[in-house]
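Peer 1: Sequence and predicted structure below; questions after.
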Amino acid sequence: MMLKCLKSTVFAALLAVPAYAEQHSAPTADTVVATINGTEVTLGHMIMIRASLPEQLKQLPDDVLWDGILDQIIQQTVLVQSGPDTVSARVAMALDNEERALRAAEHAQSVMDGAISEAAIAAAYADSYEGADRGVEFNASHILVETEEEAADLVTRARDGEDFAELAKAHSTGPSGPNGGNLGWFGEGMMVPEFENAVKDMGKGDISEPVQTQFGWHVIKLNDTRVQEAPELEAVRGELEEKVRNQALEAELDALTDAAEVTRTEKEEIDTAILKNLDLIGQ
């Protein structure tokens, strides 16, 4: 009798396993996390609200966000349930705009993601860097002083053969002074305009006339120039992917817009200040 009862208990437990597993299966977007007067709130609703939060709020602990998001949904739901059954014109138009924006963004993301391939990235790299005029880089040293007279005296001494690096160490007030005034390599747009223009007019080894900038007076020595080297593909992969994505979306928009039958009211045909008139929509 005892053996028979044991077998019955084991059999009943085995039958209960599927029911237990079903109750404790992994949650999905359709998992109901709350009901308010019969209205269901799903995990998907909460996930989408979290995704729309500012980055600062997304840094909060998950348990804090859980309570905050669920409380918000419950409060919003009871407000909706206590309000009118019909949707106002303003809400209807806002929902239209939101749905349009979300669906457009989803398709745009799909287009951009679909454009990424190694071939497309390689083509973008070739277009951006191979055979392109990448400009000139300069290697220069300078001595920064407060007055034009000091700068002129240092120009004479440097041109007469005194060591430029030693002069910079002894007289420059700039942060590169202890390093002999060496600024390393730099390209166009990296220096203030007055400094850059002076360097562009110099030859290798030249000592400039005094050059005034917002920082003071400079004596510049051009050490060398070179054609700017193209970066390795991997170093600019992110930039290239962004270029491919943007070009794909632009092409898609152009094609769709050209194929669409579009009519529009031009700004010359209407008083555009009417955009501010929210009362036109009503309540």
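Peer 2: Thanks, I have it. Numbering: from 1, shown residues only.
Peer 1: what is the rounded mean pLDDT of the lengthiest strand in the chain?
Peer 2: When the chain is parsed with DSSP state E, its longest strand is strand 216-227. The average pLDDT within strand 216-227 is 95.
Peer 1: centre of the chain versus that strand, how much separation?
Peer 2: Relative to the chain's own centre, strand 216-227 is displaced by 35 Å; criterion: CA atoms, centre = their mean, to the nearest Å.
Peer 1: What residues sit buried inside that strand?
Peer 2: Going by neighbour count (16 or more other CB atoms under 10 Å), the buried part of strand 216-227 is 216-223, 225. From N, CA and C alone the C-beta is placed, and that goes for glycine too.
Peer 1: For F164, state which of those is nearest.
Peer 2: Nearest to F164 among the buried residues of strand 216-227 is K221, at 4.9 Å by CB to CB.
Peer 1: so that closest one touches A158, yeah?
Peer 2: Yes - using CB atoms under 8 Å, K221 makes contact with A158 at a distance of 6.9 Å.
Peer 1: Name the residues contacting each of these two.
Peer 2: Listed contacts common to K221 and A158 are 164, 207; contacts here mean CB atoms under 8 Å, 6 or more residues apart in numbering.
Peer 1: Taking the centroid of this structure, which residue is nearest it?
Peer 2: By CA atoms, centre = their mean, the chain has its centre lying nearest to E242, at 9.9 Å.
Peer 1: follow-up on the earlier one: pick out the most distant pair among the buried residues of strand 216-227.
Peer 2: The span of the buried residues of strand 216-227, defined through CB to CB, is set by G216 and T225 at 24.7 Å.
Peer 1: how much space between Q72 and A34?
Peer 2: For Q72, the distance to A34 equals 11 Å [CB to CB, to the nearest Å].
Peer 1: now swap in E137 and tell me
Peer 2: 62 Å.
Peer 1: now A259
Peer 2: A259 is 45 Å from A34, by CB to CB.
Peer 1: Who has more neighbours out of those two?
Peer 2: A34 (16 against 8; other CB atoms under 10 Å).
Peer 1: Show me where the stretch 51-200 of the chain dips below the pLDDT cut-off.
Peer 2: Where the stretch 51-200 of the chain drops to pLDDT under 70, the residues are 132-133.
Peer 1: show me where it has strands.
Peer 2: 136-145, 182-186 (DSSP state E, counting those that start in this stretch).
Peer 1: So which of these is nearest L53?
Peer 2: Between L53 and those, the shortest gap by CB to CB is with strand 182-186, which sits at 41.4 Å.
Peer 1: what's that closest one in contact with?
Peer 2: Under CB under 8 Å, 6+ apart, the answer for strand 182-186 is 137-142, 165, 176, 223, 226.
Peer 1: Can I have the buried ones of the residues you listed as a ChimeraX selection?
Peer 2: Only the buried entries of these go into this ChimeraX selection, using 16+ other CB under 10 Å:
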select :137,138,139,140,141,142,165,176,223
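Peer 1: before we move on, the earlier item: which other helices and strands contact the longest strand of the chain?
Peer 2: In terms of contacts (3 or more CB pairs under 8 Å, 6 or more residues apart in numbering; DSSP states H and E), strand 216-227 is packed against strand 136-145, helix 148-159, helix 193-200, strand 211-213.
Peer 1: Quick check: buried residues in the second one?
Peer 2: Read that as helix 148-159. 150-151, 153-155, 157-158.
Peer 1: for the top helix by length along the chain, packing partners?
Peer 2: Longest helix in the chain by number of residues, with DSSP state H as the criterion: helix 89-115. On a contact count with 3+ CB pairs under 8 Å, 6+ apart, helix 89-115 meets helix 237-259.
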